[in-house]
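Trainee: let me see the structure of the following:
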Amino acid sequence: MISAATHIARLVRAAYVFAREGVFGVVDPSLVPPPGQLALRLARLIERPGDKSGPRLSRALTRLGPAYLKLGQFLATRPDVVGVAMARDLESLQDRLPPFSQSEAEAVIAASLERSVAKAFVSLGPAVAAASIAQVHRGEIERHGVRRPVAVKVLRPNVATRFRRDLSDFFFVAHNAEAHSAEARRLRLIEVINTMSRTVAMEMDLRLEAAALSEMAENTRDDPDFRVPAVDWDRTTHNVLTMEWIDGIALNDHARLQQSHVDMPDLGRKVIQSFLRHALRDGFFHADMHPGNLFLDDTGRLVAVDFGIMGRLGLKERRFLAEILLGFITRDYRRVAEVHFEAGYVPGHHSVENFAQAIRAIGEPIHNRTAEEISMAKLLTLLLEVTGLFDMQTRPELILLQKTMVVVEGVARGFDPKLDIWKVADPVVREWIERNLGPLGRVQSAMSGAGELSRVAASLPAIASRAVAVIEHMEKMTREGLTLSPETIAALGRAEGRKSRWRTVALWIIAVTFIGILIAIRQL
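Mentor: Residues are numbered from 1 along each chain as shown. Coordinates of the predicted model:
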């Protein structure tokens, strides 16, 4: 009771902030039951006077603190849950907060690295950027007599406690919503909050971000247009991440890019092709590629930072993405439909022909427009909407891919409004298909399959031995009954003493049923 009252008290405060910022003003009263309509009218009375335009929900989430900021960012990737309009509102949410003090940052660094800041760094400047989970400082290290600038990312003090508290409120809402609403159960709100909780837990361990940096560095070491900062593992822990300082031009600084005479159309090409290579070739992509996280270094390569949110695609998802993009490029709608069925995304009881017809309704209008009017991200959005009509279940990894592509495409078009997305994507998509689905890909798949078969064959004797042992054990149980050691009986007795009488009866029923099944098998 006390826990529920605590949750409710904190949620009432959140509701007040939402009402104050005018969030409830965008709700259609006709869609709300009569008691809710009264609550909406009361909420409108305490709205903040002044401008009612702009991203109201984003303002409210920013006021409510780090966990609500992350909730908004996470829900921006789930238009299937919050709707397209609200997802667009949340896309403008900026994860920026005032920095915590230099003394607190240095205390976190010293405790995490188990040495003083003066011993770990030659110098450590004030914070240059601050977000909900961590902030970044510019520092210097000395290695082999040479000073090098580094970026030092420091976790906010006590941020984990604050997140745990607010996440418990979100779970309280989700559990009660699913208990009383079929729509909430359909949207699987508990699973949504579970997914967010796991994502935040990974972001709050900076070693995992360092590992993502390291993995992407290996994937892209031969890429001519893209790289990532090098990690300083000697100065990286759970709460501190030290990496190479990037002196490049931020992609949101268009004035400086123009002053440096950067080839803007070519820069747009680099952004699109780099993202598609990571998604298709590696199955591992940066899922927060807004311009503030991308830099252009002095060699002309893109450099990405902030690897807290990453996306992964399995081979099936990569094949799905490559083939549907190529299918739309070549207007082979039948093949696009078949890929959905082959991947198991659309249930087999539906008609491939009917699904191909729906795909054609999306694809044909594209070919009547100029290149700059065609949005690959919008196409994927429409595709996910159509697949919902054919009972395709929500695929979170595809939604994250689609939302990232919206951002990437917007960045690229900002440098070249007439960018032909399809022409730029075509060589990357075709290269992947030729390598993985062409003759070479078939040979590699066959070799991989042969290797798997040889490993299975090598383990067959051990598998057979274990199978014989299991069968002999089952026969012995059938002949002699279930035999327990004295230690096991004593332990069961202590455990049963703590359980209710009905649970004991249920356990014996299960045991008797199991033995009966064994006897029936023996007699067959």
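
Trainee: quick one: list the elements packing against the host helix or strand of R164.
Mentor: If you go by DSSP states H and E, R164 is part of helix 159-180. With contacts taken as 3 or more Cβ pairs under 8 Å, 6 or more residues apart in numbering; DSSP states H and E, helix 159-180 sits against helix 2-20, helix 66-76, helix 182-187, helix 189-203. The way it works is simple: take the backbone N, C-alpha and C, and place the C-beta from them, glycine included.

Trainee: can I get the ones you listed in JSON lines with distance to H340 and mean pLDDT?
Mentor: Shown next, in JSON lines, are the helices and strands packed on helix 159-180 (distance: least, Cβ to Cβ, whole Å; pLDDT from 0 to 100):
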{"stretch": "helix 2-20", "distance to H340": "39", "mean pLDDT": "83"}
{"stretch": "helix 66-76", "distance to H340": "26", "mean pLDDT": "79"}
{"stretch": "helix 182-187", "distance to H340": "22", "mean pLDDT": "73"}
{"stretch": "helix 189-203", "distance to H340": "23", "mean pLDDT": "81"}
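
Trainee: got a markdown table for those helices, with distance to A43 too?
Mentor: Shown next, in a markdown table, are those (distance: least, Cβ to Cβ, whole Å):
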| stretch | distance to A43 |
| --- | --- |
| helix 2-20 | 4 |
| helix 66-76 | 18 |
| helix 182-187 | 21 |
| helix 189-203 | 22 |
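
Trainee: wait, which of those is closest to K270?
Mentor: Relative to K270, the nearest member of the helices and strands packed on helix 159-180 by Cβ to Cβ is helix 66-76, separated by 25.0 Å.

Trainee: thinking again about what came up before, now the helix holding R164 against helix 66-76, angle please.
Mentor: Going by axes from the mean of the first three to the mean of the last three Cα atoms, to 10 degrees, helix 159-180 is angled at 50 degrees with respect to helix 66-76.

Trainee: can I get helix 159-180 as PDB, trimmed to CA atoms?
Mentor: Output of helix 159-180 as PDB, limited to C-alpha atoms (Å, rounded to 0.1, in the frame of the first residue of the first chain):
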ATOM      1  CA  VAL A 159      22.100   8.700 -11.800                       C
ATOM      2  CA  ALA A 160      21.400   5.000 -11.400                       C
ATOM      3  CA  THR A 161      19.300   5.600  -8.200                       C
ATOM      4  CA  ARG A 162      17.300   8.300  -9.900                       C
ATOM      5  CA  PHE A 163      16.600   6.100 -12.900                       C
ATOM      6  CA  ARG A 164      15.600   3.100 -10.800                       C
ATOM      7  CA  ARG A 165      13.100   5.200  -8.900                       C
ATOM      8  CA  ASP A 166      11.500   6.700 -12.000                       C
ATOM      9  CA  LEU A 167      11.500   3.400 -13.900                       C
ATOM     10  CA  SER A 168       9.600   1.800 -11.000                       C
ATOM     11  CA  ASP A 169       6.900   4.400 -11.600                       C
ATOM     12  CA  PHE A 170       6.800   3.500 -15.300                       C
ATOM     13  CA  PHE A 171       6.500  -0.200 -14.400                       C
ATOM     14  CA  PHE A 172       3.700   0.700 -12.000                       C
ATOM     15  CA  VAL A 173       1.800   2.500 -14.700                       C
ATOM     16  CA  ALA A 174       2.400  -0.300 -17.300                       C
ATOM     17  CA  HIS A 175       1.300  -3.100 -15.000                       C
ATOM     18  CA  ASN A 176      -1.900  -1.300 -14.000                       C
ATOM     19  CA  ALA A 177      -2.600  -0.300 -17.700                       C
ATOM     20  CA  GLU A 178      -2.300  -3.800 -18.900                       C
ATOM     21  CA  ALA A 179      -4.500  -5.100 -16.000                       C
ATOM     22  CA  HIS A 180      -7.400  -2.800 -17.100                       C
END
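
Trainee: identify the residues contacting it?
Mentor: 4, 7, 10-11, 14, 65-68, 70-71, 132-134, 184-185, 189-190, 192-193, 196-197, 200, 204 (Cβ atoms under 8 Å, 6 or more residues apart in numbering).

Trainee: can you say which of those residues are buried?
Mentor: Neighbour-count burial (16 or more other Cβ atoms under 10 Å) applied to those gives 7, 10, 14, 65-68, 70-71, 132-134, 184, 189-190, 192-193, 196-197, 200, 204.

Trainee: hang on, the earlier thing: can you list the buried residues in the helix holding R164?
Mentor: Neighbour-count burial for helix 159-180 flags 159-160, 163, 166-174, 178 (criterion: 16+ other Cβ under 10 Å).

Trainee: likewise for stretch 319-330?
Mentor: The neighbour-count check on stretch 319-330 (16+ other Cβ under 10 Å) flags 319-329 as buried.

Trainee: TSV for these, including distance to D416, secondary structure and pLDDT?
Mentor: Shown next, in TSV, are the buried residues of stretch 319-330 (distance: Cβ to Cβ, whole Å; DSSP: H, G, I helix; E, B strand; the rest coil; pLDDT from 0 to 100):
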residue	distance to D416	secondary structure	pLDDT
R319	29	helix	84
F320	28	helix	80
L321	23	helix	80
A322	24	helix	83
E323	27	helix	83
I324	24	helix	77
L325	20	helix	77
L326	23	helix	80
G327	25	helix	81
F328	21	helix	78
I329	19	helix	74
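
Trainee: between these, which sits nearest G139?
Mentor: Comparing these against G139 with Cβ to Cβ places L321 closest, at 39.7 Å.

Trainee: which residues touch D391?
Mentor: Counting by Cβ under 8 Å, 6+ apart, D391 touches 346-347, 350.

Trainee: nope, R269 is what I meant
Mentor: Residues near R269 by Cβ under 8 Å, 6+ apart: 412, 416, 419, 424.

Trainee: now do the SS call for it.
Mentor: helix (DSSP: H, G, I helix; E, B strand; the rest coil).

Trainee: unless I'm mixing things up, G25 is touching E47, no?
Mentor: Yes. Using Cβ atoms under 8 Å, G25 is in contact with E47, at 6.4 Å.

Trainee: pick out whichever of those two has more residues nearby.
Mentor: A count of neighbours by other Cβ atoms under 10 Å puts E47 above the other of G25 and E47, at 16 against 13.
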